[in-house]
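A.B. asks: Sequence first, then the predicted structure, then my questions.
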Amino acid sequence: MSIPQKHLRVEKNDLRRKYLDIRKNLSPEERKELSAQLLDIFKTSLEATNFSIIHSFLPIERQGEVDTNSFIDYFKEQQKTIVISKSDLKKNDLAHFIYDDSVILSKNKWGILEPESGLSIKESKIDMVLVPLIVFDKQGNRLGYGKGYYDKFLSLCKPNCIKIGLSLLEPIASVIPTEPTDIKLNYCISPSGLHTFNTSK
């Protein structure tokens, strides 16, 4: 018997509150140190040379997110094309722009830094996406903020686009409730290492 969607949403909201609180309780020093660990694991576990166009999220500091600025600096050193997003609040989706030195950032209504404008790029051109999340499970399911922006975005990427979650927390033992629109990760990096998922199912 399938679980009603209302119950799934309640369960996901409970998990969201619990693990968001845990992450927010990390000190700025802990967050910085753990973020650096994630980058080191990326460098040793994944070959960035296989990807030319890489999408990254910009960190929301008040939510205690992974500091991706060091990832972006690394990709610049590797001469990769970096892509960031801007939220379309009317359509409830994301537009994507190449992130270079000409791009001016400003905060949207949620306090998220976004490009004011720039050279747009289609989802189908992106080779790899660094995916934000609150927590993940051992099956490759991620728990985000519940808006659905990233699931919609990832569904438009090419089939071989690599989706890599970045998490300051370790995977939870329980399985995160999923909905038909949820997109699984190929990998997730946590402080303990690289987690690989079977996404063929």
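C.D. replies: Perfect, I can see it now. Numbering: from 1, shown residues only.
A.B. asks: Please enumerate the helices of the chain.
C.D. replies: Using DSSP state H, the helices of the chain run over residues 5-24, 28-45, 69-77, 149-155.
A.B. asks: Work out the gap between the longest one and the centre of the chain.
C.D. replies: Taking CA atoms, centre = their mean, to the nearest Å, one finds helix 5-24 lying 17 Å from the centre of the chain it belongs to.
A.B. asks: that older thread, so which of the helices of the chain is nearest residue 187?
C.D. replies: Ranking the helices of the chain by proximity to residue 187 (CB to CB) places helix 28-45 first, at 8.2 Å. Where you see a C-beta, it was placed from the backbone N, CA and C, and this is true even at glycine.
A.B. asks: Mind giving me the packing neighbours of the closest one?
C.D. replies: helix 69-77, strand 187-190, strand 193-196 (3 or more CB pairs under 8 Å, 6 or more residues apart in numbering; DSSP states H and E).
A.B. asks: about what we covered before: what's the most buried one of the helices of the chain?
C.D. replies: Mean neighbour count (mean count of other CB atoms under 10 Å) peaks for helix 149-155 among these, with a mean of 17.
A.B. asks: related to what we said a few turns ago, distance to residue 86 for the helices and strands packed on helix 28-45 - can I get that in CSV?
C.D. replies: Output for the helices and strands packed on helix 28-45, formatted as CSV (distance: least, CB to CB, whole Å):
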stretch, distance to residue 86
helix 69-77, 16
strand 187-190, 25
strand 193-196, 30
